[in-house]
Each structure stands twice: as structure tokens, then as C-alpha cells.
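Visitor: Got a predicted model here, sequence first, then my questions.
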Amino acid sequence: MIWTACRLLTFNLLYAVLVWLTMYFPGLDLLAAVAFVCVLFIWSRRMVRNGMTTGKVMATAFLAQLPGLIFSVLALHSWWRYGPLTSYFDFALQMWHTPFLPLLSLLPPIRIQGFPLYFLLGYVLSPLYILLMGLFARTLPADSENRVRIDRLF
């Protein structure tokens, strides 16, 4: 489980570089972000196929997203203590979530108390990543090799 979490963490870092490089080509960054989500889907299903439970998949995703969770807590603490945008943790958090940033650019231009929605979603992307991995892991039925059953999600 630790080894898989380290591989997921390394994958996130390397994919952030890939998405950053594809941002120079319009549309290619969106394709890379969708491919990132597809790879997470395949990876979580493969972990279940290799004998991991949904809880273990989510625990592995938690370990892989630990830097993002720590950045979120530190940025929120700094925001609460000193005011908004007073630390570098907001920037570190956005850098950590670079694989998801092209998908966030598709959101409507909604502002909540002066802050764009995509900026505020950066604080909850790590928990959403963990839940997404758990949701993907639950799509694999126990008796089937390749079919996805929607009633298995809940």
C-alpha cells in the first residue's frame, strides 16, 4: 500500500509537469487532464482487482495526497489567522493540483466573496481526489472482469 501511494504521488508530480508543458498548446491541456482522470480510474480498478478493498484504495489515495492535504490545512490556517493570500501555501496548493487545473478552467466565472470558484476549489481538491479514487474502486463488481455496474456505487 505504501509503495502504491509513493507511485501515485510520483505520478501526480510528473503529470503536473506534463500538464504544465501542454498548456502551451490550446486544448491539449484539457486532453491531458481528462487522461489523468482516466488513468486514476484504471489505476483504482486495478488496485481492487489486485485484492485491495475500497477502504485500502482510499487510504492509499490519502497517503498519495498527503502533501496536498497539508498544503490545504496550512493555507486555510494562514488565511484564518492572517487574512487571505498571506502565504505561499496557496501557490503550492495550486502547483500540487496542476493536473486538475485545465478542468477547473471549464467552470463558469463564479466569484464567492471576491474569489474565483476555481481558486476556492483548490482547497478541497485533495479530499475530492480521495473520494474519486474510492468511487472508481467501487465501480468494479466482484463477479465481473470488465463490466461497470452503476448500482454498485453505493
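Guide: Perfect, thanks for sending it.
Visitor: Quick one: the helices in the protein, in order.
Guide: Ranges of helices within the chain are 2-22, 28-49, 54-64, 66-82, 89-96, 101-104, 117-121, 125-138, based on DSSP state H.
Visitor: Would you point out which residue is most central in this structure?
Guide: Closest to where the C-alpha atoms of the chain average out (CA atoms, centre = their mean) is residue 129, at 3.6 Å.
Visitor: circling back: for the helices of the chain, which one sits closest to residue 110?
Guide: Comparing those against residue 110 with CB to CB, the closest turns out to be helix 117-121 (4.4 Å). The way it works is simple: take the backbone N, C-alpha and C, and place the C-beta from them, glycine included.
Visitor: in the closest one, what's buried?
Guide: Of all the residues in helix 117-121, those buried under the rule 16 or more other CB atoms under 10 Å are 118-119.
Visitor: Looking at it now, give me its mean pLDDT.
Guide: Helix 117-121 carries an average pLDDT of 86.
Visitor: quick one: contacts of that helix?
Guide: 90, 94, 101, 104-105, 107-112 (CB atoms under 8 Å, 6 or more residues apart in numbering).
Visitor: which among the residues you listed end up buried?
Guide: Counted by 16+ other CB under 10 Å, the contacts of helix 117-121 give 90, 94, 101, 104 as buried.
Visitor: pretty sure the third one contacts residue 19?
Guide: Yes: Residue 101 lies in contact with residue 19 (CB atoms under 8 Å); the separation is 7.0 Å.
Visitor: intersection of neighbour lists for those two?
Guide: With CB under 8 Å, 6+ apart as the test, residue 101 and residue 19 both reach 29, 33.
Visitor: Okay, residue 74 and residue 97: tell me how far apart.
Guide: The gap separating residue 74 from residue 97 is 15 Å, by CB to CB, to the nearest Å.
Visitor: Between those two, tell me which one has more neighbours.
Guide: residue 97 (26 against 16; other CB atoms under 10 Å).
Visitor: roughly how far apart are that one and residue 88?
Guide: For residue 97 relative to residue 88 (CB to CB), the value is 15 Å.
Visitor: What of residue 19?
Guide: 21 Å.
Visitor: Settle it for me: which of the two has more neighbours?
Guide: Neighbour tally, residue 19 and residue 88, criterion other CB under 10 Å: the higher count belongs to residue 19, 23 against 13.
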